[in-house]
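# My questions are about this predicted structure, shown below with the sequence.
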Amino acid sequence: MAVKDYMRQRFLPHIWCAGCGHGIIMGNMIRAIDQLHMKKNDMVVVSGIGCSSRMPGYLDFHTMHTIHGRALAFAMGIKMGQPELNVIVPMGDGDALAIGGNHLIHAARRNVDLTAIIMNNSIYGMTGGQYSPLTPTGKKATTAVYGTDSKPFDVAALAQGAGATFVARTTTYHVQEMIDIIKKAIRHKGFSLVEIMSQCPTYYGRKNKLGGAVQIMESFKEETVKAGSKKAETSPELIKRGIFVQEDQPEYVETYLTLTEALQKAAKKQPGEPQGGHHE
Amino acid sequence: MKPKKTVAINRDWCKGCGICVAFCPKEVLVLDDREKACWAYPEKCINCGLCELRCPDMATTLEENES
Amino acid sequence: MKSGTIFIQGNEAIAQGALYAGLQFFAGYPITPSTEIAEILSEKLPKLGRKFVQMEDEISSMCAIIGASLTGLKVMTATSGPGFSLKQEAIGYAVMAEVPSVVVNVQRGGPSTGMPTGVAQGDVMQARWGTHGDHSIITLTASNLQDVFLMTVEAFNLAETYRTPVILLFDEVVAHMREKVEIPKPGEINVVERLRTSVPEGTNFHPYLTREDGRLPMSDFGGVHRYNVTGLVHDMWGFPSNDPKVAYDLLHHLVDKLENKADLLARYKEHYTEDAEILLISFGSAARTALHMVEQRRERGLKVGLLELQTLWPFPRQLIRSMCEGRSHVLVVEMNMGQVCQEVRKAVIRPERVYLANRFDGASISPADILNVLNMIRGKGV
């Protein structure tokens, strides 16, 4: 099917600024889903709050636009409620790493079969350009007038440390790679996290004199390198792209269902529940 | 060399960001006087599809030619 | 889960009531004095093939149950004061998105960390207004364990009927005391099932278009209808809207669907009220003491009665007004600084006749606490 067949077309053109990277991510996420031949009724997209979190509204799937930082918590309930559904969670800097940081590390720790797409544009766009936990050191923002006060997270390292079993990074310049990585992330049974470096020309770009969308995307091309390549070895200062972790580990919901099945089987052999008094 | 597919641009959705223009390997696209992308040099187009993949607005699609 | 009589603590009565009502998903986080609810359900739910998860905090617990509810399950979470404060934003989301859910708050001494093992009834107003913005909400309570069981089932029924979060506001004494509870047989008490839409696949389904009878049929995530759920003001499609008319209609709908049904939603019990000259009004464990006091005074010939509230919100104004009419005095008995008392005063014709007997130091309100005020009132009245 064409990309537009997956969209709620009456809401297009979308609200994102001209050149915003989020549209590139949305389009390629759809292409990934299309190439995997997934059914619309099996897809759930859950987001929090922010520019990135406006994505679900445009998609013709089961969509939830929730509260800031908590998308993964809602997604947990959906996945446990109906484990056969494919749940994708697009989030921005703040949603995933600031207010939502705790839910991120726990979702990763539990290895729940969700696909988290972190749309990292190094800024809080929706509220007008404040800095985020992913804004590089020293960069300017409306609440970092003298430059940011601290280092940003390395999202991939954080996710890996928390126990995510699929961790990858790409950029809005590397579109073919993006589709390939998203496909693998969705297919992976376990917690998948894909960080996609994206551009906010309106706030981050302008405030830090990085040029427009095209210039920022060019910088993604120049300042990143494919992990494992020769260039990655010779230029360690470049940001690595690619799949860093891809392991098979027990998945949370599957493990839980196995347990309940075993318990129900055992209960059938023993008629009646013990009455009264939960032991202290 | 005639390209197999047409690069169709939805002018309602295109926001004139210029990404497709800047990254087209054959410089086939331009922004017209209304700041909308335009498939200006179809004869040079190699149908690589990067404009479609990189468009943030889903405005650019490669479509089969009606013959 | 068999029927029959069992001797259990209040928290278990809540768990049993929830299971009876068809609870399928519980997410929670431990907090005194509600922890046992999570512990009991962590054992029972998996055995029944249903779902339990201990989330990383109370916020994610509330969010998880909302997500699960949208996949078609009956859901519940449980907490106490500090956790209830944390949940407020998500509760507001459930209000706005009209997602059936049950939130148990076993009240303890507040504010802040307060007295984790002390009893209080200080969250009444928070249950009503804890989440921001104009909205309405249902809050139920009970004073004895059989009613705890019944009100829990009722909470699920009302959540499904009105597509709203329902707060079960109990207190530490009721939750931790032990009494006998009779578990009814399946079918003995009415359990309301989710109203699902009959709109067929391929036809447009409007998740927020009210039916003629005021009901709002749902469609499970994963089903044949794909729609959007958001906390933003939205149209009948579930899509964000800035249109003032849409906002006006939506907010009115959210509030009216409950406030207009205040009479229908009023659950209460009357004890010796028919000829009572002094009417006590109470709820939760305070009502146990109030009832004891009423029975004691009746033996001495004093015409007192007790109106025990089981619905706190929407506040049963009409009931209070008519029940208080003609009484010489009204005495509200509660373990806070007068949160229900002020509502009673607003509802009655003669607010100057409404008095308060209260306690908020972590200890249970005693008969003497009530008697002192009763004597003072009667001294005044003479």
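Alright, I've got the coordinates. Numbering: from 1, shown residues only, chains lettered A, B, ... in the order given.
# of all the residues in the stretch 51-200 of chain A, which ones are close to chain B?
Taking C-beta under 8 Å from any C-beta of the partner chain as the contact definition, the stretch 51-200 of chain A meets chain B at A:Thr172, A:Tyr173, A:Val175, A:Gln176, A:Ile179. Glycine gets a C-beta too; all of them are placed from N, C-alpha and C.
# which residue sits closest to A:Leu55, ignoring its sequence neighbours?
Careful, residue A:55 is Met; it's not Leu. Excluding its sequence neighbours, the residue lying closest to A:Met55 (C-beta to C-beta, 6 or more residues apart in numbering or on different chains) is A:Pro90, at 4.8 Å.
# Next, see if stretch A:2-22 gets close to chain B.
Yes - interface with chain B: stretch A:2-22 contributes A:2-4, A:7, A:12-14, A:16-22 (C-beta under 8 Å from any C-beta).
# residues contacting C:Ser80?
C:Ile31, C:Thr32, C:Pro33, C:Ser34, C:Asn105, C:Val106, C:Gln107, C:Arg108, C:Pro116, C:Glu172 (C-beta atoms under 8 Å, 6 or more residues apart in numbering or on different chains).
# Please apply the same query to C:Glu188.
C:Ser3.
# if we can go back for a sec, now do the contacts for the residue nearest to A:Met55.
Here A:Pro90 is in contact with A:Ile25, A:Met29, A:Val45, A:Ser47, A:Ser52, A:Ser53, A:Met55, A:Pro56, A:Ala71, A:Ile117, A:Met119 (C-beta under 8 Å, 6+ apart).
# Is it in a helix, a strand, or coil?
Three-state call for A:Pro90 (DSSP: H, G, I helix; E, B strand; the rest coil): strand.
# Show me what it is bridged to.
For A:Pro90, the beta-bridge partners are A:Ile117 (DSSP bridges).
# Test for you: state the pLDDT assigned to it.
Looking at A:Pro90, its pLDDT stands at 98.
# For A:Arg54, see how far away it is.
Separation of A:Pro90 from A:Arg54 (C-beta to C-beta, to the nearest Å) stands at 9 Å.
# intersection of neighbour lists for those two?
In contact with both A:Pro90 and A:Arg54: A:Ser47, using C-beta under 8 Å, 6+ apart.
# can you pull out the strands in the stretch 151-300 of chain C?
Ranges of strands within the stretch 151-300 of chain C are C:165-171, C:178-183, C:228-230, C:268-271, C:278-282, based on DSSP state E, counting those that start in this stretch.
# So what are the sheet partners of the third one and their directions?
Right, strand C:228-230. strand A:62-65 (parallel).
# Pull the residues that contact the partner strand.
A:41, A:43-47, A:49, A:53-54, A:56-57, A:71, A:74, A:78, A:85, C:67, C:70, C:221-222, C:226-232, C:240.
# what's the burial count for A:Thr171?
The tally of other residues near A:Thr171 (other C-beta atoms under 10 Å in any protein chain shown) stands at 26.
# right, I mislabeled it, should have said A:Lys151
The number of residues near A:Lys151, taken as other C-beta under 10 Å, comes to 11.
# Please name the residues that touch it.
A:Thr137.
# Quick check: it vs A:Pro136, distance?
Counting by C-beta to C-beta, the gap from A:Lys151 to A:Pro136 is 8 Å.
# just C:Met55 next, same as before
For C:Met55 relative to A:Pro136 (C-beta to C-beta), the value is 32 Å.
# Would you map the strands across chain B?
Assigned by DSSP state E, the strands in chain B fall at B:5-9, B:29-31, B:37-39, B:60-64.
# Of these, which stretch is the most buried?
strand B:37-39 (a mean of 21; mean count of other C-beta atoms under 10 Å in any protein chain shown).
# Direction included, what does it pair against?
As assigned by DSSP bridges, strand B:37-39 forms pairs with strand B:29-31 (antiparallel).
# re the thing from before, would you mind writing the ChimeraX command to select the buried ones in the contacts of strand A:62-65?
If you want just the buried ones from the contacts of strand A:62-65 in ChimeraX, going by 16 or more other C-beta atoms under 10 Å in any protein chain shown, the selection is:
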select /A:41,43,44,45,46,47,49,53,54,56,57,71,74,78,85 /C:67,70,221,222,226,227,228,229,230,231,240
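# on that earlier part again, let me have the strands of the stretch 151-300 of chain C in CSV, adding mean pLDDT as columns.
What follows is these, written out as CSV (pLDDT from 0 to 100):
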stretch, mean pLDDT
strand C:165-171, 98
strand C:178-183, 97
strand C:228-230, 97
strand C:268-271, 98
strand C:278-282, 98
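# got those strands as JSON lines, with distance to C:Asp369 columns?
Compiled in JSON lines, the strands of the stretch 151-300 of chain C are given as follows (distance: least, C-beta to C-beta, whole Å):
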{"stretch": "strand C:165-171", "distance to C:Asp369": "16"}
{"stretch": "strand C:178-183", "distance to C:Asp369": "23"}
{"stretch": "strand C:228-230", "distance to C:Asp369": "47"}
{"stretch": "strand C:268-271", "distance to C:Asp369": "18"}
{"stretch": "strand C:278-282", "distance to C:Asp369": "12"}
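# Between these, which one is closest to C:Gln310.
Ranking these by their distance to C:Gln310 (criterion: C-beta to C-beta) puts strand C:268-271 first, at 5.5 Å.
# Now do the buried residues in that closest one.
C:Tyr268, C:Lys269, C:His271.
# related to what we said a few turns ago, out of the residues of the stretch 51-200 of chain A next to chain B, which are buried?
Judged by 16+ other C-beta under 10 Å, buried ones among those: A:Thr172, A:Tyr173, A:Val175, A:Ile179.
# Show me which pair in those is furthest apart.
A:Tyr173 and A:Ile179, at 13.1 Å, using C-beta to C-beta across these.
# Report the angle between the helix or strand containing C:Gly83 and strand C:165-171.
Using DSSP states H and E, C:Gly83 falls within helix C:81-97. Angle, helix C:81-97 to strand C:165-171, by axes from the mean of the first three to the mean of the last three C-alpha atoms, to 10 degrees: 160 degrees.
# list the helices and strands helix C:81-97 packs on?
helix C:58-70, strand C:75-79, strand C:101-107, helix C:124-129, strand C:165-171 (3 or more C-beta pairs under 8 Å, 6 or more residues apart in numbering or on different chains; DSSP states H and E).
# what angle do it and strand C:101-107 make?
Using the same axes, to 10 degrees, helix C:81-97 lies at 160 degrees relative to strand C:101-107.
# how about low-confidence regions in the chain?
Because you didn't say which chain, this covers chain A. Along chain A, segments meeting pLDDT under 70 span A:271-280.
# meant chain C actually
Residues of chain C meeting the criterion pLDDT under 70: C:1, C:380-382.
# What ranges does it have for its helices?
Assigned by DSSP state H, the helices in chain C fall at C:10-21, C:35-47, C:58-70, C:81-97, C:124-129, C:145-162, C:172-176, C:244-259, C:262-265, C:284-299, C:317-324, C:339-347, C:367-381.
# for the ones you listed, which one sits closest to C:Gly202?
Per C-beta to C-beta, nearest to C:Gly202 of the helices of chain C: helix C:58-70, 21.3 Å.
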